[in-house]
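> just coords:
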């Protein structure tokens, strides 16, 4: 087998055009499948401690699943703005902008359709898969023409590196992420509550009933949100509801330690021994415990996804940053280049 291999195949069509599926394979047999629709990571096949491969990413077995069920955002590139903007409003240099309200009174994940529902151009380049898209001025109400590239690289140490870049011709806001859901026991195998999670964060951003940050930076110490040492996801999930107001589980932005590309989270599944280590250049990360998976659709393997059957670790700038001056800025100006990197490294525990 070549050191790394990238192949492609036709994978159906949507109203915007045809959809291709790319398969990235490394020398160790790990395999990642990516769709040109939404830049979606459709599946991630990694070995357990006994060498048995399984898909650990939630998704659908046909493109129609993604079109008919966009809400979970399984595996998709999220933009222009990941997470929420209060009332869909923000100002830049005194100019006001309104973007779609698609999450109650707020805007979520860039509007509808966002980057998750666009067909991206794709081409293998230097052992990576390069996806590109141009978001026109006024797309979903956001200012500026925004050329975007997302590079997926599958390394031989079983890591997926995701590199984002964007430029603009008008001041705008940008916050890109990937919305993969994971179950390290295998997609469709049941809930993830036994997974052991560590998050390298001493604080989080409390939210109101609409999941909009209050502006406070609060300590995780003494709360159900404290994952500074490994804790089972389900161990304190009911207590975590008191931090959310609407009472469903974890859906919180963590204020990550440090800067630059550094390790920010680690997850281990005790039965299979599979692990996931997350590194990022981003200041924040949304931990979401699959609260709204409600059994209304079946995933890749045909199994019905229920609450808690997957978790997401969305590296990002903080929610509602355009309206929170104390948060790290998401403003991008002409002449600047937005750059962000996240690495998802899969491994196994060693006995």
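Everything's here; your move. Since the structure is predicted, the reported quantities are computational estimates derived from the model, not experimental observations. Numbers count the residues shown, from 1 in each chain.

> unless I'm mixing things up, residue 263 is touching residue 200, no?
Yes - taking Cβ atoms under 8 Å as the definition, residue 263 is a contact partner of residue 200 at 6.8 Å. In this view, the C-beta of every residue, glycine as well, is placed from N, C-alpha and C.

> what's the next secondary structure element after the lowest-mean-pLDDT helix or strand in the chain?
None of the helices or strands of the chain scores lower by mean pLDDT, DSSP states H and E than helix 237-240, at a mean of 78. Heading C-terminal from helix 237-240, the first helix or strand you meet, by DSSP states H and E, is strand 251-256.

> Run through who's touching that following strand.
The contact list for strand 251-256 (Cβ atoms under 8 Å, 6 or more residues apart in numbering) reads 83, 199-205, 207, 211, 213, 217, 220, 225, 240, 243-244, 264, 280, 282-289, 291, 316, 318-319.

> Weed out the non-buried ones from those residues.
83, 199-205, 207, 211, 213, 220, 225, 240, 243-244, 264, 280, 282-289, 291, 316, 318-319 (16 or more other Cβ atoms under 10 Å).

> taking the residues you listed one by one, which sit in strands?
199, 201-204, 264, 280, 284-288, 316 (DSSP state E).

> right, and out of these, which lies closest to residue 130?
Nearest to residue 130 among those is residue 280, at 19.8 Å by Cβ to Cβ.

> what sits opposite residue 314 in the beta ladder?
Beta-bridge pairing of residue 314 under DSSP bridges involves residue 286.

> What is the burial count for it?
24 (other Cβ atoms under 10 Å).

> dump the residue contacts of it.
Applying Cβ under 8 Å, 6+ apart, the residues contacting residue 314 are 78, 82, 83, 177, 178, 179, 285, 286, 288.

> okay, those residues in TSV with distance to residue 161 next?
Formatted as TSV, these follow (distance: Cβ to Cβ, whole Å):
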residue	distance to residue 161
78	17
82	18
83	22
177	14
178	11
179	17
285	16
286	20
288	22
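
> and which of the residues you listed is nearest to residue 7?
Taking those together and measuring to residue 7 by Cβ to Cβ, the closest member is residue 178, at 21.4 Å.

> For that closest one, what are phi and psi?
phi -110, psi 140 (degrees, to the nearest 10).

> Which strand residues bridge it?
residue 77.

> again with residue 173
Per DSSP bridges, the residues bridged to residue 173 are residue 331.

> So, low pLDDT: which residues of the chain?
1-2, 240-247, 351 (pLDDT under 70).

> residue closest to the middle of it?
residue 179 (2.5 Å; Cα atoms, centre = their mean).

> my read: residue 9 touches residue 18, true?
No - using Cβ under 8 Å, residue 9 is not in contact with residue 18, being 11.2 Å away.

> Which one's more surrounded, these two?
The neighbour count for residue 9 versus residue 18, taken as other Cβ under 10 Å, is higher for residue 18 (13 against 9).

> which ones are touching the more buried one?
Contacts of residue 18 (Cβ under 8 Å, 6+ apart): 10, 12, 119.

> Which helix or strand contains it?
With DSSP H and E as criterion, residue 18 is part of strand 17-26.

> Adjacent strands (with direction) for that strand?
strand 4-14 (antiparallel), strand 31-35 (antiparallel).

> can you list contacts of the last one?
Strand 31-35 is touched from outside by 11, 19-25, 40-45, 53, 63, 66, 122, 129, 131, 152, 154, 160, with contacts defined as Cβ under 8 Å, 6+ apart.

> Torsion angles phi and psi at residue 87?
phi 60, psi 10.

> Would you quantify the distance from it to residue 79?
Look at residue 87 and residue 79: by Cβ to Cβ, to the nearest Å, they are 20 Å apart.

> Which of those two has more residues huddled nearby?
More neighbours surround residue 79 than the other of residue 87 and residue 79, with 28 against 17 (other Cβ under 10 Å).

> So that one versus residue 281, what's the distance?
16 Å.

> quick one: residue 171 and residue 331 touch, right?
Yes - using Cβ under 8 Å, residue 171 is in contact with residue 331, at 6.2 Å.

> Mutual contacts of these two, please.
What both residue 171 and residue 331 touch, as defined by Cβ under 8 Å, 6+ apart, is the set residue 92.

> quick one: contacts of the biggest helix by length in the chain?
Secondary structure of the chain per DSSP state H: the longest helix is helix 63-68. For helix 63-68, the external contacting residues (Cβ under 8 Å, 6+ apart) are 11-14, 19, 35, 37-38, 40, 59-60, 74, 76, 117, 297, 299.
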